[in-house]
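[1] I'd like to go over a predicted model; first the sequence, then the structure.
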Amino acid sequence: MDHDRPARRALDGWAVELRGKLSALGAEPPLSAGGRGAKAACMNLAALVVAHAGDLQTAERLCRLQLEWLARLASESGDPSVLGDALQPWINLGRLRVLRGDADGARPHFVLAEHLRDLRPVRLGPCRLPAGAWPLVVAADAGIPEVLWNVYAIDQLKAYLRAGDPEGALAFIPRLRRLTPPGTRRFVDEGEVLALLRGGRAGEALEKAAEADPATTADEMAFLLHRVAALAALGQEGSARRLAVGLTAIATRTEPRYATPPTFLRQLKRLGLLLETLGEERYALAVYVRGLDMCGGHEDEPLHLEFVEGALRLAPGHRASAEWRPVRDRLLGRSLYFEVRRRYGRAAEPGHAAIRDLVAAVESAAVESAA
């Protein structure tokens, strides 16, 4: 369920860019919708950068600082629609709880769609969004309902799966089918397939994936990849190979019609790993090389590293390996991503100067008042 996930750029450069934007936005009137929204977006991304660096505690603190800032602006201005910007940091706090293993504590952060549907008030930490503010929030951003319903489905299902509870996810599916709007159903369908796969019910997963009605190119590729995984789990390796090789032809020879290239990059990674598992190393190499080429225009540092490592693993003597090795060494030498550093036995470095300065910039921005 890779939906609207931003590309993971080099964290030091990302941090410097966000700090610069926050500094420039300091000249904007605090209550101008554009300035406030842009500043809130920078704060959200700053917390994401810090979390990627492995400091979940500071990421949580930045989310709470943002909520306190928005609560103060709403109180001083008397404008509750300001609190529309509080929805994302509240959701992000839930995601941080999931990363810490607290799936139960995270779920209240993911059910805002129910409050919107029923026009019920909701407390978001220090922010209190009154029932009457919901129409104002939606008027300011018509995409809010879709976002909240997607979070309602995707993040709750991910919480179950990350907690190792696929049966809990499957028990939750009927409720999602009753409550969610049609546009969210494709995520419910994929969540069901994933839960069946994680629960060792590959036969049922294969049936559900084949029955799915994908709405986008990304959805279609996702369900086809799940079918490959299910076929392999069932021991039907010939069928799995044929389908995976067919996907390779599509993935490596055509320009994908994806709204978000990071989704395609993640799917390339999964396809490559499936092909390796199935013994189709030549096709896996083609997928990794395609990923390397795409990362030239759509950088995702952890995936870039995985693609180059995959290519070197499968073809250390390839004519391009002399170009790949410096790329790998550069990525390894500079990466601040906790997941990368942990994989190589290196300590996290959340205190890097660029990240430290970004945290200070958020702290400074969060003391601003409406005056």
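    Yes, it's here.

[2] now do the contacts for the closest residue to residue 10 other than its chain neighbours.
    Using C-beta to C-beta, 6 or more residues apart in numbering and skipping the chain neighbours, the partner closest in space to residue 10 is residue 301 (5.3 Å). Where C-beta positions appear, they are placed from N, C-alpha and C, glycine not excepted. Under the criterion of C-beta atoms under 8 Å, 6 or more residues apart in numbering, the contact list for residue 301 reads 8, 9, 10, 11, 331, 335, 337, 340.

[3] check residue 177 too.
    Residue 177 is in contact with 185, 188, counting by C-beta under 8 Å, 6+ apart.

[4] distance check, it against residue 198.
    Counting by C-beta to C-beta, to the nearest Å, the gap from residue 177 to residue 198 is 19 Å.

[5] got it, and residue 169?
    Distance check for residue 169 against residue 198: by C-beta to C-beta, it reads 8 Å.

[6] now do the shared contacts for these two.
    Taking C-beta under 8 Å, 6+ apart as the contact rule, the neighbours common to residue 169 and residue 198 are residue 161.

[7] who's more crowded, these two?
    residue 169 (23 against 17; other C-beta atoms under 10 Å).

[8] hang on, isn't that one packed against residue 155?
    No: contact status for residue 169 versus residue 155: not in contact, 11.8 Å apart, counting by C-beta atoms under 8 Å.

[9] pLDDT score assigned to residue 110?
    Listed pLDDT for residue 110 reads 98.

[10] so it versus residue 104, what's the distance?
    Computed as C-beta to C-beta, the residue 110 to residue 104 distance reads 12 Å.

[11] among these two, which residue is more densely surrounded?
    Ranked by neighbour count (other C-beta under 10 Å), residue 110 and residue 104 place residue 110 first, with 24 against 10.

[12] now do that one against residue 153, distance only.
    Between residue 110 and residue 153 the distance, using C-beta to C-beta, works out to 9 Å.

[13] give me the element residue 128 is part of.
    Taking DSSP states H and E as the definition, residue 128 sits inside strand 127-129.

[14] counting neighbours, what do you get for residue 24?
    Other residues within reach of residue 24 by the criterion other C-beta under 10 Å amount to 13.

[15] distance of it from residue 364?
    Distance, residue 24 to residue 364, by C-beta to C-beta: 13 Å.

[16] same question, residue 101
    Shown here: residue 101 relative to residue 364, a distance of 32 Å by C-beta to C-beta.

[17] got it, and residue 49?
    Remark: distance between residue 49 and residue 364 (C-beta to C-beta) = 16 Å.

[18] with neighbour numbers in mind, choose between those two.
    Looking at residue 49 and residue 364 with other C-beta under 10 Å, you find the greater number of neighbours at residue 49, namely 26 against 13.

[19] from residue 303, how far out is the more buried one?
    In terms of C-beta to C-beta, residue 49 sits 17 Å off from residue 303.

[20] equivalent analysis for residue 282, please.
    Here the criterion is C-beta to C-beta. By it, residue 282 lies 21 Å from residue 303.

[21] what sits up against stretch 317-332?
    With C-beta under 8 Å, 6+ apart, stretch 317-332 has contacts from 285, 289, 292, 301, 304-305, 308-309, 311-312, 315, 340, 344.

[22] in helices only, show me the residues you listed.
    For these, membership in helices holds for 285, 289, 292, 301, 304, 305, 308, 309, 311, 312, 340, with DSSP state H as the criterion.

[23] okay, now the unreliable bits of the stretch 1-150 of the chain?
    Applying pLDDT under 70 to the stretch 1-150 of the chain flags the ranges 1-4, 30-31, 33.

[24] can you show me the helices along it?
    11-25, 33-52, 56-77, 87-99, 103-106, 112-118, 134-140, 144-162 (DSSP state H, counting those that start in this stretch).

[25] now for the third one, which elements pack on it?
    Using 3 or more C-beta pairs under 8 Å, 6 or more residues apart in numbering; DSSP states H and E as the contact criterion, the secondary-structure elements in contact with helix 56-77 are helix 33-52, helix 87-99, strand 127-129, helix 353-365.
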